[in-house]
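Asks: predicted coordinates and the sequence they were generated for:
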Amino acid sequence: MTPDTTLESPTGTNGAPAEATVSTWRMRRWPEPRETRIPAWIYSDPSLFAREMEVFHDGPCWNFIGLECEIEERGAYKRSWVGTRSVIMVRGDDDAIHVLENRCAHRGSQLCWENKGVVNDFTCPYHHWNYDLEGNLLGLPFFRGAMGKGGMPRDFDKSAHGLRKLRVATLGGLVWATFSQEAPSLDDYLGEEIRELVLRATGRGKKLRLLGYNRQLLPCNWKLYLENSRDPYHATLLHSFFLTFGLLRTDTAFRAVPTLGGRHAIMASTYSAATAGQQNEVTRELASLHSDFTLEDMEVVKPVDEMGDSAMINFSVLPSVFFQQHGNSLALRHLLPKSATQTELAWTHYGFVDDDEDMNRRRLKQANLMGPAGYVAIDDSEVLARMQPVADSAPESVQVVTMGGVDLAPQETMLTETLIRGFYGYYREKMGL
Ligand code: FES
Ligand SMILES: [Fe+2]
């Protein structure tokens, strides 16, 4: 795995290039029937992208920021993102976790340039304004000028010029933040079902252990990846690895559940040793099944049922995080929009402090399914990279999402696009489209 060095946003404020001032999307109409159609223009319009950042990422939503165990000691920090805005997650003198906008209150320089570290305070590289771990302005050079000249006005109030502080909440050892004062509590934002799954995925009070990071830049709009993470239909068709080694099959028990009107999404499947590798009506449909393939090391595809429910549950929390459980590989996929046509994917792999050596090895081995070159995840990146130019070249073209019906009811099959319909129902409402 690579060291954690999340990528810089290639664009400016809100990721919106200069030409984004013309809001072409406001003149467009969503195609009918609205519930089952998606227009391609939503994937490449910079002005629409800027609005999405305002509505979802900077808006009344809770954003995943990082793990508490990444900043254990006082002054330990990690840089993260809320949409296209850089933030710093830091352990304060009071031992509390603070999330601060990574933007100097003086003239807006990026304050912290490293991705991780331990500091006593933060000093801006530009004119050396200095802030404590809670983002309060401590001091600035030449406050009273020099040789009787210059300096700040007498009434300059340092307490009014600190870093912007986000609202912070923690759940299951994970740190969340929002710029919005209007956002409901984190619990209400997640809803009961997702809250329960966050606790399940984080070991119900166990202490998390960081295992490592992957990251990659995807040349596609963030919603193409979000759709992909809510799309069980493709899982056994595109990902021949899943099917070949029996980790996921179309005939296993499966639930696709949109929650809170499509805001979040749950995909739960049951791993069955009995059906793994078995040929039947389902497998004959699948051109990608190579049933005679084998692996040198089968531990990669032999999970232990650590949660005691034989389930693999993957779920996504709008706007930016996907909880992944593939066998014993646990990870958070952080979806970081960079521009209308570029998205970073930052994976944080974790386990638990009380894992034994066998479990730790299994988690690391099975993590090979994920990441930029993962046995499974690589397929998604390839497909999405090839979708983006098609969307760019034909913005008036329309996608169809009618697999499994036309509504957003929960379904007990992988052969459904109900989670994608659910997301776009929610998206259109919030965007006014
Ligand atoms: S911009 Fe940070 S000190 Fe001037
Ligand atoms: Fe996929």
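Replies: Structure's in. What do you need? Ligands and ions are numbered 1, 2, ... in the order given.

Asks: my guess is residue 343 contacts residue 227. True?
Replies: No: when contacts are counted by Cβ atoms under 8 Å, residue 343 is not listed as touching residue 227 (12.0 Å). All C-beta atoms are positioned from the backbone trio N, CA, C, and that covers glycine.

Asks: show me where the protein has helices.
Replies: Using DSSP state H, the helices found in the chain span residues 46-52, 186-201, 222-228, 235-238, 240-244, 281-284, 357-366, 377-393, 418-431.

Asks: find the nearest non-adjacent residue to residue 316, please.
Replies: Nearest residue to residue 316, sequence neighbours excluded (Cβ to Cβ, 6 or more residues apart in numbering): residue 322, at 4.4 Å.

Asks: from residue 346, how far off is the residue of the stretch 201-350 of the chain found nearest ligand 1?
Replies: The nearest approach of the stretch 201-350 of the chain to ligand 1 comes at residue 338, 23.1 Å away (Cβ to the nearest ligand atom). For residue 338, the distance to residue 346 equals 11 Å [Cβ to Cβ, to the nearest Å].

Asks: least reliable of the helices of the chain going by mean pLDDT?
Replies: The minimum mean pLDDT among the helices of the chain belongs to helix 281-284 (a mean of 60).

Asks: got the residues of the stretch 51-200 of the chain near ligand 1?
Replies: Within the stretch 51-200 of the chain, the positions near ligand 1 by Cβ under 6 Å from any ligand atom are 104, 106, 107, 109, 124, 126, 127, 129.

Asks: sorry, back to before: quick one: the helices of the chain as a markdown table, columns for mean neighbour count and distance to residue 169 too.
Replies: Formatted as a markdown table, the helices of the chain follow (neighbours: other Cβ atoms under 10 Å; distance: least, Cβ to Cβ, whole Å):
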| stretch | mean neighbour count | distance to residue 169 |
| --- | --- | --- |
| helix 46-52 | 23 | 23 |
| helix 186-201 | 17 | 4 |
| helix 222-228 | 23 | 22 |
| helix 235-238 | 21 | 31 |
| helix 240-244 | 22 | 34 |
| helix 281-284 | 14 | 42 |
| helix 357-366 | 16 | 27 |
| helix 377-393 | 17 | 29 |
| helix 418-431 | 22 | 21 |
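
Asks: and residue 92, which of these is closest to it?
Replies: Checking those against residue 92 by Cβ to Cβ gives helix 186-201 as the closest, at 19.2 Å.

Asks: want to throw the helices of the chain into TSV with distance to residue 259?
Replies: What follows is the helices of the chain, written out as TSV (distance: least, Cβ to Cβ, whole Å):
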stretch	distance to residue 259
helix 46-52	21
helix 186-201	5
helix 222-228	15
helix 235-238	20
helix 240-244	24
helix 281-284	28
helix 357-366	27
helix 377-393	23
helix 418-431	8
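
Asks: who's residue 313 bridged to?
Replies: Beta-bridge partners recorded for residue 313 (DSSP bridges): residue 268.

Asks: residues near it, how many?
Replies: Applying other Cβ atoms under 10 Å, we find 18 residues neighbouring residue 313.

Asks: what does residue 415 give?
Replies: Residue 415: 14 neighbours (other Cβ under 10 Å).

Asks: quick one: stretch 334-354 to chain centroid distance?
Replies: When distances are taken as Cα atoms, centre = their mean, to the nearest Å, stretch 334-354 is centred 5 Å away from the chain's centroid.

Asks: start to end distance for stretch 333-345?
Replies: By Cα to Cα, to the nearest Å, the extent of stretch 333-345 from end to end equals 7 Å.

Asks: quick one: average pLDDT of it?
Replies: For stretch 333-345, the per-residue pLDDT averages 97.

Asks: could I get the pLDDT score of the residue nearest to residue 316?
Replies: 98.

Asks: ok, it touching residue 336?
Replies: No: between residue 322 and residue 336 there is no contact, the gap being 11.9 Å when judged by Cβ under 8 Å.

Asks: can you get me a residue count around the residue of the stretch 201-350 of the chain closest to ligand 1?
Replies: When neighbours are defined as other Cβ under 10 Å, residue 338 has 21 of them.

Asks: and the gap between it and residue 225?
Replies: Using Cβ to Cβ, residue 338 is found at 12 Å from residue 225.

Asks: and residue 360, what does it touch?
Replies: If you count contacts by Cβ atoms under 8 Å, 6 or more residues apart in numbering, residue 360 has them with 211, 351.

Asks: give me the contacts around stretch 405-418.
Replies: With Cβ under 8 Å, 6+ apart as the criterion, stretch 405-418 contacts 33, 35-36, 231-233, 235-236, 250, 253-258, 261-262, 269, 401-404, 419, 421-422, 425.

Asks: domains in the chain, as residue ranges please.
Replies: If you go by automatic domain parsing, the domain ranges for the chain are 62-179, 192-431.
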